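All I have is the shape, not the residue letters:
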């Protein structure tokens, strides 16, 4: 292989021997992700250990016009980390340290491969946390690159809301810093936000300064089943309009509740259920739950169980936390895919019903989990990867779901990112503004080496 | 004048007669702003009435390479709206309507010249509000363009956090839309955030979709004087670290309290005073205030007065609300300037003390108002515009303040923007990343016609 790629020897010359690998097993491991997208084998996997390593590697790749596909934890669901061109797979996993912790500034500076649970383990003893929880033990670099969110976005926002500063190696190999330790700024263009969600196509993130928030004194949780999905969503809208500071607000559909009943040995009403959490002081969260209960009653809730006790809260939320495993247990041996769209809040019932119908017609039973305070929902679908015709019907149902989300004024992805699989919706979603995105890509990455084939269509 | 500018006749040919003016009074009015920056007279002031008008005007300007300086309410403090090149002053004031209000989606779509109090008058009856309050009855377009904030940023964030979508006429005259009605998205590059804070240098904002939030059920307010500024800021940091959801948190220094005592006939301790507000349900805000009181006591507060009664809250906050007029009354006949920097929270005492000292040495008494939960503070300074030597010393003190903020890891502007006056700090603050900002400007505005001479140094 090195015979075909004479640049490999030169690359090896400025790295330690254990910082690059061309072993078949390592190349194969770096050719795929969580999605079913098929990529190509990279020529080499490189393991940088510092920002300076990254800069050297990118400078080299820029000179030789070698494609770079960055990866860390590899929990992406949309093929972001799957190389579409050979070249360098840039495995960031060794850059996973805390560089600086300034509790007095509510700030932590980390390398990109640290995961969000690791950040929270580090900051919790100071009463602080980073409130974004996309699941899958995602890395901070990956979360910044997809602008990930999770169950608490309705209260705490999305990853980019917590990025105070970034260090980035640009596609031409320059090491730049954007943002500062100031919690707000009107200085310069907001490059920081441009790198957030750019999916590694504008540069490699080598350092992230994250804003932290204080851990709430208390929390209350509630589980609220409804006869119809529409009623459940109207209930949530009423909570938001009442100014209730919901910390978490998750919808789990009847099919999934049934699955979790079987899985956990519970006997909850198999109906669309809203899971709530409020954060604040004890008096406040009890009052929040009380008002939520009144509103639930007004919207025809079948029940309203709530608690501020940590153990009871855990039990109240158990069904939500076990949806994936419960549904998996109903579909042994199958693969799963989780799609992600977001629509205006009031359009959620319509979007969910139509999407479910599209999958039903295609022969798939879908489980729905919705971050319903944001209008964001996921369909979890189990499929047989060997059933070609089924796979085609699955793709088509997903297409219908996305086209509908766009026609309702929504977005084709609320938190998973574009990767490879949603490229074809970029023109429809962004129209003429896509041309301006391409102007930026062209200006930053003139040779097109940075995560090629992702985020923006050619 | 039309003789020198043959393009004026062509411009007039596609507008109604009352949509453009070359009267000396109107040109002069459009040559200056709130800052003491001196600009040039525009050749013409144009009043678009629709997005299509703006597009026609910008297309025309692009073809003829005519500079455009946009303006609406003209409350900018940094010279954003002052033409540095003649050409077109684009007065957006006629585009001030609500286009669409979707309370069920917590969303309002407005034209750029509507002011934020007007938006709140419109949405309040539905229990919703837009929580950014920079003062000065600023227009939404201006607030988006400077990424304005105000007293509630510590809880509710900054203007760009509320921008769901924008319609923009780009410098080449294309009408683009960026963002959607979805409350979060990981689709495409974040162009929306790039236009936020771009100060009109990347295009003209013609429509803004704003996220709204529910009006809180209750609020509690408190006034807390401290013997030292350091103690007052440490108190605030302890509130944030305790996870208290502060809605407002303002510092007013001893000099200003003395001024407000004289102005309002009050007799408050003339010491650094923190003004607090909590939003939530009644039980919660009372508990928040109780915990704040304990922490205030721990940090040596001289008193802690609080209330949830609307009228009493008004009285508690009176000193904060009257700082400007109270200080003005002490400085009759003088002009005033308000500067704005932001530093990491823990650096605030040092930054404030050093800045005050710099102004004192220059012979100026400054009043300090700080959005202290953000590390953002303003020095309000009164000066005699005819005193040339004094003006020079004033400039120098401002320079020292900014250089220090940057050296502490902060930003040269937290909310006022760069405009003209802070151009010279862009290189120091942004380093190499400034080159990437310039790449974007060049790609979007190849002829450099859009608000030339602002935001980025040449």
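Right, received. Where do you want to start? These figures come from a predicted structure and were not determined experimentally.

hey, let's count contacts and neighbours off CA atoms from now on
Will do.

quick one: stretch A:278-285 near chain B?
Yes: using CA under 8 Å from any CA of the partner chain, stretch A:278-285 reaches chain B at A:280-285.

ignore the last one, stretch A:344-352
Yes: Stretch A:344-352 reaches chain B (CA under 8 Å from any CA) through A:344-346.

Just give me the neighbour total for residue A:307.
With neighbours defined by other CA atoms under 10 Å in any protein chain shown, the count for residue A:307 comes to 20.

show me the contacts for it.
Residues near residue A:307 by CA atoms under 8 Å, 6 or more residues apart in numbering or on different chains: A:220-222, A:313.

on that earlier part again, so which of the residues of stretch A:278-285 next to chain B is surrounded by the most neighbours?
residue A:285 (28 neighbours).

part of a helix, is that one?
Yes: if the criterion is DSSP: H, G, I helix; E, B strand; the rest coil, then residue A:285 is within a helix.

pretty sure it contacts residue A:216?
No: if you go by CA atoms under 8 Å, residue A:285 and residue A:216 don't touch, sitting 10.3 Å apart.

Between these two, which contacts overlap?
Residues touching both residue A:285 and residue A:216 by CA under 8 Å, 6+ apart: residue A:279.

Point out the ones among the contacts of residue A:307 that are inside helices.
Among the contacts of residue A:307, DSSP state H puts residue A:313 in helices.

Pick the one among the contacts of residue A:307 closest to chain B.
Comparing the contacts of residue A:307 against chain B with CA to the nearest CA places residue A:220 closest, at 12.8 Å.

mind putting the contacts of residue A:307 in TSV, pLDDT included?
Converted to TSV, the contacts of residue A:307 look like this (pLDDT from 0 to 100):
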residue	pLDDT
A:220	96
A:221	97
A:222	97
A:313	95
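
who wins for most neighbours among the contacts of residue A:307?
residue A:221 (27 neighbours).

Next one: it from residue A:82, what distance?
In this view, residue A:221 and residue A:82 are 39 Å apart by CA to CA, to the nearest Å.

and if you look at residue A:226?
Plainly put, residue A:226 is 41 Å away from residue A:82 if you go by CA to CA.

which non-adjacent residue is nearest residue A:150?
Spatial nearest neighbour of residue A:150, excluding adjacent residues (CA to CA, 6 or more residues apart in numbering or on different chains): residue A:134 at 4.2 Å.

In terms of pLDDT, where does the residue positioned nearest the centre of chain A sit?
When CA atoms, centre = their mean is applied to chain A, the residue found nearest the centroid is residue A:148 (3.5 Å). The score at residue A:148 is 96. That number is its pLDDT.

Identify the residues contacting it.
Per CA under 8 Å, 6+ apart, neighbours of residue A:148: A:132, A:134, A:158-159, A:415-417, B:186.

Check the secondary structure at it for me.
Per three-state DSSP, the local secondary structure of residue A:148 is coil.

distance of it from residue B:293?
37 Å.

OK, contacts around the residue in the stretch 301-450 of chain A that chain B sits nearest to?
Closest to chain B within the stretch 301-450 of chain A is residue A:414: 4.0 Å, counting by CA to the nearest CA. Contact analysis of residue A:414 by CA under 8 Å, 6+ apart lists A:340-342, A:376, B:182, B:184-187.

Once you drop chain neighbours, what's closest to whichever residue of the stretch 251-400 of chain A sits closest to chain B?
Residue nearest to chain B within the stretch 251-400 of chain A (CA to the nearest CA): residue A:284, separated by 3.5 Å. With sequence-adjacent residues excluded and distances taken as CA to CA, 6+ apart, residue A:284 is closest to residue B:284, at 3.5 Å.

Spell out which parts of the stretch 201-350 of chain A neighbour chain B.
Near chain B, when you scan the stretch 201-350 of chain A using CA under 8 Å from any CA, you find A:213-217, A:237, A:240-245, A:280-285, A:287-288, A:342-346.

my guess is the residue nearest to residue A:150 meets residue A:152, correct?
No: if you go by CA under 8 Å, residue A:134 and residue A:152 don't touch, sitting 9.1 Å apart.

returning to that earlier point: just the buried subset of the residues of stretch A:344-352 next to chain B, please.
A:344-346 (16 or more other CA atoms under 10 Å in any protein chain shown).

Now render the residues you listed as JSON lines, adding secondary structure and pLDDT.
Formatted as JSON lines, these follow (DSSP: H, G, I helix; E, B strand; the rest coil; pLDDT from 0 to 100):
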{"residue": "A:344", "secondary structure": "coil", "pLDDT": "94"}
{"residue": "A:345", "secondary structure": "helix", "pLDDT": "89"}
{"residue": "A:346", "secondary structure": "helix", "pLDDT": "88"}
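
From the rest of the structure, what touches the helix or strand hosting residue A:237?
Assigned by DSSP states H and E, residue A:237 belongs to helix A:229-241. Contacts with helix A:229-241, where a contact means CA under 8 Å, 6+ apart, come from A:225-226, A:246, A:249, A:253, A:272-274, A:292, A:295-296, A:299-301, A:345-346, A:348-349, A:372-373, B:104, B:106, B:127-128, B:213-215.

Just those: which are in helices?
Those of these lying in helices (DSSP H): A:292, A:295-296, A:348-349.

Buried ones among the contacts of helix A:229-241?
A:225-226, A:246, A:249, A:253, A:272-274, A:292, A:295-296, A:299, A:301, A:345-346, A:348-349, A:372-373, B:104, B:106, B:127-128, B:213-215.

quick one: contacts of the host helix or strand of residue A:263?
Using DSSP H and E, residue A:263 maps to helix A:254-264. With CA under 8 Å, 6+ apart as the test, helix A:254-264 has contacts from A:266-273, A:319, A:322-323, A:326-327, A:329-330, A:366-368.
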